[in-house]
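Undergrad: Predicted model and sequence follow; I will ask about them next.
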Amino acid sequence: MTMISEYGAQAAPAEGRNVWQAMRRGFACRCPACGEGKLFRGFLKVEDACPVCGEEMHHQRADDAPPYFTILVVGHVIGAMMLYVEEVNDALPIWIHAIVWPVLTLAMSLVLLPRFKGALIGLQWANRMHGFATALPARVRLTSKAT
């Protein structure tokens with residue numbers, strides 16, 4: 001089965017881009033292509049293009065996945081820590097719980113959210129998703145034709 005675009009161009013093969021390396025670079029908030037340029041120009045605002053290699057990033061589609069993964073990880077870690085502390089020392093005053101857990105939750109969320117977004121952008125880049133395919137124009141719908 002061959003992937004043909006509506007313009008008649010064949011889709012670029014997905015080979016040659018290391019998924020784990022791209023996700024690690026994205027997790028480090030670096031360009032998934034070169035690993036040198038900054039991925040974000042603000043807290044969560046993605047650069048339109050890498051300042052070092054020029055790879056276009058404006059067409060990434062992270063959407064709701066980074067907050068979902070952030071909530072999933074932070075909720076499990078903080079929940080387990082709360083249960084552990086309560087099991088070890090159940091005489092701890094409630095005001096300490098009221099201060100410590102919200103602060104830790106906020107801190108972990110602020111640290112992990114841009115990293116999960118970067119890793120997801122790296123995954124999209126490595127799999128040539130959402131316009132990251134270099135051989136095709138930006139807005140091309142692929143159709144399959146049997147050969």
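TA: It's in.
Undergrad: all contacts plus neighbour counts: C-alpha atoms, from now on.
TA: OK.
Undergrad: in this structure, which helix has the most residues?
TA: helix 94-126 (DSSP state H).
Undergrad: K117 is in contact with F69, isn't it?
TA: No: the pair K117 and F69 does not pass the contact test of Cα atoms under 8 Å, sitting 9.3 Å apart.
Undergrad: Between these two, point out the one with more neighbours.
TA: Legend: neighbour count by other Cα atoms under 10 Å for K117 and F69, higher for K117 (28 against 15).
Undergrad: who's in contact with that one?
TA: K117 makes contact with 26-27, 44, 62, 65-66 under the criterion Cα atoms under 8 Å, 6 or more residues apart in numbering.
Undergrad: Identify each buried residue in the helix or strand hosting V77, please.
TA: Using DSSP states H and E, V77 maps to helix 65-88. Neighbour-count burial for helix 65-88 flags 66-67, 70-71, 74, 78 (criterion: 16 or more other Cα atoms under 10 Å).
Undergrad: how about the residues you listed in a markdown table, adding pLDDT?
TA: As requested, the buried residues of helix 65-88 are exported to a markdown table (pLDDT from 0 to 100):
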| residue | pLDDT |
| --- | --- |
| P66 | 95 |
| P67 | 96 |
| T70 | 97 |
| I71 | 97 |
| V74 | 98 |
| I78 | 97 |
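Undergrad: ok, these vs V111, which is closest?
TA: Closest to V111 out of those is T70 (9.3 Å), distances taken as Cα to Cα.
Undergrad: That closest one is in contact with V111, isn't it?
TA: No: the criterion here is Cα under 8 Å, and T70 misses it with V111 at 9.3 Å.
Undergrad: phi, psi of K45?
TA: With angles defined as degrees, to the nearest 10, K45 sits at phi -80, psi 120.
Undergrad: Next, count neighbours for it.
TA: Around K45 there are 11 other residues, counting by other Cα under 10 Å.
Undergrad: Next one: it from H58, what distance?
TA: 10 Å (Cα to Cα, to the nearest Å).
Undergrad: Which residue lies nearest the spatial centre of the protein?
TA: Compute the mean C-alpha point of the chain, and by Cα atoms, centre = their mean the closest residue is L120, 2.4 Å away.
Undergrad: and that one, what pLDDT?
TA: With respect to pLDDT, L120 scores 95.
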